[in-house]
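J.: Here's a sequence, model it:
(one chain, ligands or ions: 1)
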Amino acid sequence: MEKKQYPLFDALLMNYRAYIIMDDHCPNLFLSIFLYAACSAIAPYVTIYTSARIISELAGERQAQQLWFWVMVTLFSSAVLALLNSVLFHWKTCKQYPQNMYRNKVFSDKAMDMDFSALDRQSTIDLRRRIDLHHQFRSWGLLRVVEYYETLLNALISILGALVLSASLFLEKVPSTAGRWTILNHPLFAVLIAVILLFLCLLAPKCSTKSENIMVSFTKVYEKSNRFFNYLANFPDERDRSLDVRMYCQEKSFDHYWKKMNTYGDYRDKNSLAAAHLGPLGLWKAAGSAVSMLSLAVIYLFVCMKAWAGAFNVGQVTQYVAAITVLSQSIAKLLAVFGELKNNAVFLEDTFEYLDIKNEMYRGSLTTEKRSDRQYDVEFRDVSFRYPGSNQYALHHVNMKFEVGQKLAVVGMNGSGKTTFIKLLCRLYDPTEGQILLNGIDIRKYRYDDYIDLFSVVFQDFKLLSFPLAENVAVSRNYDKERVRSCLEKVGFGDRLNTLPDGEETFLYRDYNVNGIEISGGEAQKISIARALYKDSPFIILDEPTAALDPIAEAEIYSKFNDIVGNKTAIYISHRLSSCRFCDNILVFDHGSVVQQGNHDSLLAEEGGKYHELWHAQAQYYEEAKEDVVS
Ligand code: ADP
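T.: Numbering: from 1, shown residues only. All right, here's what the predicted structure looks like:
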């Protein structure tokens, strides 16, 4: 898909916005670049100027004192500038090292601030991946702006310096004794040379912009294959998948895709980037270099003709040639950057589309009154829900009410809507129709953070961090050691905790610490339950809380559930109906609807009901298993 080119003014505004974003996130980065660019642009002119004075003195009056003076000035200024340049370069490098990290921070801040429903949308995920791919390909996007800033500054300062040093080239007159060379004094001649140089300066960046445009179109062509390539390349090392890859020899199925990738983006393919380097891309680049050389030739010719005719001496020849060369190169650089700003704008469009994703969830201002009596009741009033982009309802007309202190179980087959029900309760999504009420008030009217704070959830696919154990439990570097210990003990992790080398400071996993520990799925589940307990919210929600636990650990957790949960309102989602028996209220989901509600005995008594069917299907399985063990 071809992307539109932005007009220069729009492109400038977009790149300026990117500059502001990076400047906000990277302290002193642009200041360090400014000082370095200024110093490195000025330095050559000082040397050009002073060495021209030395050569002039040598070729002219040869006064030892003057010569000595200029040699000393040259040495001293070169040394000071080299030192300053080096210091500024190191400072700039220090500031630039973390620029990628700061760039990532821009996106992670946005992700944290975004409505969960927007973050979870496939189009948002695709957009973010596209931005990262373009960044990996040629730093397109935010980071390019840092590069442009440096080049622009350097070019502008160089142009100023070159103009100062070369102005007299056009003013110095050939002596009238020079015969027909005096034509060089004619103002039209100087204008002609300036026009030719300007034309060549404009032409060179045009060529390089053409080759850059081809690169941009390749970035789009390679977008899909690069994304897929990343997927294939990282597939075997991903910890979650490495077992499947090994046991099913999945690398064989990759072969097919590797070959496909080859024909899609192979370097020998006639549509490939390499072929373009041999063809138009390379030709435009070569043309750009040729034009630059041509402008150099024109400069030499003009300066040498004037020197030959006696307008100035050999020392000034060096000064003028060097200054005009830098001038034409800097103008070309400046124009090339303007061309590139337009290309970068095409990629910044994606970046801004992501950063401008609006939060559409209404966030009210009511506080949830941190009630010491923890008196909360929750009601789903005719709630229906469709995931964004889906035309299937995941929940239909759900009506239910539960009160604080109740133990609620949510049961049903896979895909029946249990997790969606929890996601709505936790306000990760808003209902498509209907209302959820907390103490009789629509949950949208509460302050979002306050409301979220009411829930401690252990999701089925929870993730722990490769940080110390206590930080995982407390979700903070500052934690209450005793409380961490007590939560871990409550969930049956106490014995293991006592064996850990650094106690609760022991790192989980070895990603960031060689002394980290590997934990089993069951242990991870216990830690995640301890994390939910530490949060100490009035509602605790456990989605398949014992799926990864062995039968003994499961029995242990269940026997302690009342103790663990205390006076909190607890919601359990479980396939194992036996583990829901002790709940006051059981919701039975089927195809997105609540088909039954009641306690275990009343539900079981409804023959032909879903609960009865599920219970007997599981009971039969347990009975058969028990018989097998006995026989
Ligand atoms: P359960 O927890 O009972 O297994 P879920 O609530 O996860 O069921 O899923 C209910 C329905 O919603 C399923 O049909 C599932 O495919 C669909 N669903 C779940 N998550 C998403 C999502 N992020 N986008 C679109 N559909 C989804």
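J.: Where does whichever residue of the stretch 151-300 of the chain sits closest to the ligand sit: helix, strand or coil?
T.: The stretch 151-300 of the chain approaches the ligand most closely through residue 240 (18.6 Å), counting by CB to the nearest ligand atom. For glycine as for every other residue, the C-beta is placed from the backbone atoms N, C-alpha and C. At residue 240 the chain is in helix, as set by DSSP: H, G, I helix; E, B strand; the rest coil.
J.: and the residue in the stretch 1-150 of the chain positioned nearest to the ligand, what does it touch?
T.: Across the stretch 1-150 of the chain, no residue is closer to the ligand than residue 120, which sits at 5.7 Å (CB to the nearest ligand atom). Counting by CB atoms under 8 Å, 6 or more residues apart in numbering, residue 120 makes contact with residue 428.
J.: where does it fall, phi/psi-wise?
T.: Main-chain torsions, residue 120, degrees, to the nearest 10: phi -80, psi -10.
J.: From residue 390, how far off is it?
T.: Per CB to CB, to the nearest Å, residue 120 is found 12 Å from residue 390.
J.: again, but for residue 40
T.: For residue 40, the distance to residue 390 - CB to CB - is 56 Å.
J.: out of those two, which sits in the busier spot?
T.: Set residue 40 next to residue 390 and count neighbours by other CB atoms under 10 Å: residue 40 wins out with 20 against 9.
J.: Mind checking what secondary structure the more buried one has?
T.: Applying three-state DSSP: residue 40 is helix.
J.: Wait, it touches residue 154, no?
T.: Yes. At 6.8 Å, residue 40 and residue 154 qualify as touching, with contact defined as CB atoms under 8 Å.
J.: how far out from the middle of the chain is stretch 348-363?
T.: Computed by CA atoms, centre = their mean, to the nearest Å, the chain-centroid distance of stretch 348-363 equals 14 Å.
J.: list the contacts for residue 194?
T.: By CB under 8 Å, 6+ apart, the contact set of residue 194 is residue 170.
J.: backbone phi and psi for it, please?
T.: Dihedral angles (degrees, to the nearest 10) for residue 194: phi -60, psi -40.
J.: What of residue 230?
T.: phi -60, psi -40.
J.: Look up the closest residue to it, ignoring the ones flanking it.
T.: Counting by CB to CB, 6 or more residues apart in numbering, the nearest residue to residue 230 once its immediate chain neighbours are dropped is residue 133, at 7.7 Å.
J.: list the contacts for that neighbour?
T.: Contacts of residue 133 by CB under 8 Å, 6+ apart are 223, 226-227, 230.
J.: May I ask which helix or strand encompasses residue 429?
T.: Secondary structure assignment for residue 429, by DSSP states H and E: no helix or strand.
J.: distance of it from residue 70?
T.: 76 Å.
J.: Break the protein down into its structural domains.
T.: 8-26+98-212+293-355, 459-536 (automatic domain parsing).
J.: Start and end of the first one, how far apart?
T.: Think domain 8-26+98-212+293-355. 22 Å (CA to CA, to the nearest Å).
J.: avg pLDDT for it?
T.: With pLDDT averaged residue by residue, domain 8-26+98-212+293-355 scores 88.
J.: Now stretch 479-486: average pLDDT?
T.: 94.
J.: Residue 465 in helix, strand or coil?
T.: Under three-state DSSP, the three-state class of residue 465 is coil.
J.: From what I see, it and residue 512 are in contact.
T.: No. Between residue 465 and residue 512 there is no contact, the gap being 9.5 Å when judged by CB under 8 Å.
J.: So which residues on the stretch 401-550 of the chain come close to the ligand?
T.: 412, 414-420 (CB under 6 Å from any ligand atom).
J.: From the geometric centre of the chain, which residue sits farthest away?
T.: Largest separation from the mean C-alpha position in the chain: residue 177, at 69.2 Å (CA atoms, centre = their mean).
J.: how far away is that residue from residue 151?
T.: Residue 177 is 46 Å from residue 151, by CB to CB.
J.: Show me which positions of stretch 413-431 end up buried.
T.: 413, 416-431 (16 or more other CB atoms under 10 Å).
J.: Where does the residue nearest to residue 230 fall, secondary structure wise?
T.: Taking DSSP H and E as the definition, one finds residue 133 inside helix 122-138.
J.: Now do the helix or strand immediately after that helix in the chain against helix 122-138, angle only.
T.: Helices and strands here follow DSSP H and E; after helix 122-138, the next one along the chain is helix 142-171. Put simply, helix 142-171 runs at 40 degrees to helix 122-138, going by axes from the mean of the first three to the mean of the last three CA atoms, to 10 degrees.
J.: just for the stretch 501-631 of the chain, where's the confidence low?
T.: 545-549, 553, 555-561, 620-631 (pLDDT under 70).
J.: What segments of it are strands?
T.: Ranges of strands in the stretch 501-631 of the chain, per DSSP state E, counting those that start in this stretch, are 539-543, 569-573, 585-590, 593-598.
J.: mind giving me a markdown table with those strands and columns for mean neighbour count?
T.: Shown next, in a markdown table, are the strands of the stretch 501-631 of the chain (neighbours: other CB atoms under 10 Å):
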| stretch | mean neighbour count |
| --- | --- |
| strand 539-543 | 22 |
| strand 569-573 | 24 |
| strand 585-590 | 23 |
| strand 593-598 | 18 |
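J.: Go through the ones you listed and name the closest to residue 377.
T.: Closest approach to residue 377 among those is made by strand 569-573 (9.0 Å; CB to CB).
J.: Report all helices and strands that the closest one contacts.
T.: strand 407-412, helix 418-425, strand 539-543 (3 or more CB pairs under 8 Å, 6 or more residues apart in numbering; DSSP states H and E).
J.: Just send the ones you listed back as CSV, with distance to residue 478 too.
T.: What follows is those, written out as CSV (distance: least, CB to CB, whole Å):
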stretch, distance to residue 478
strand 407-412, 32
helix 418-425, 29
strand 539-543, 23
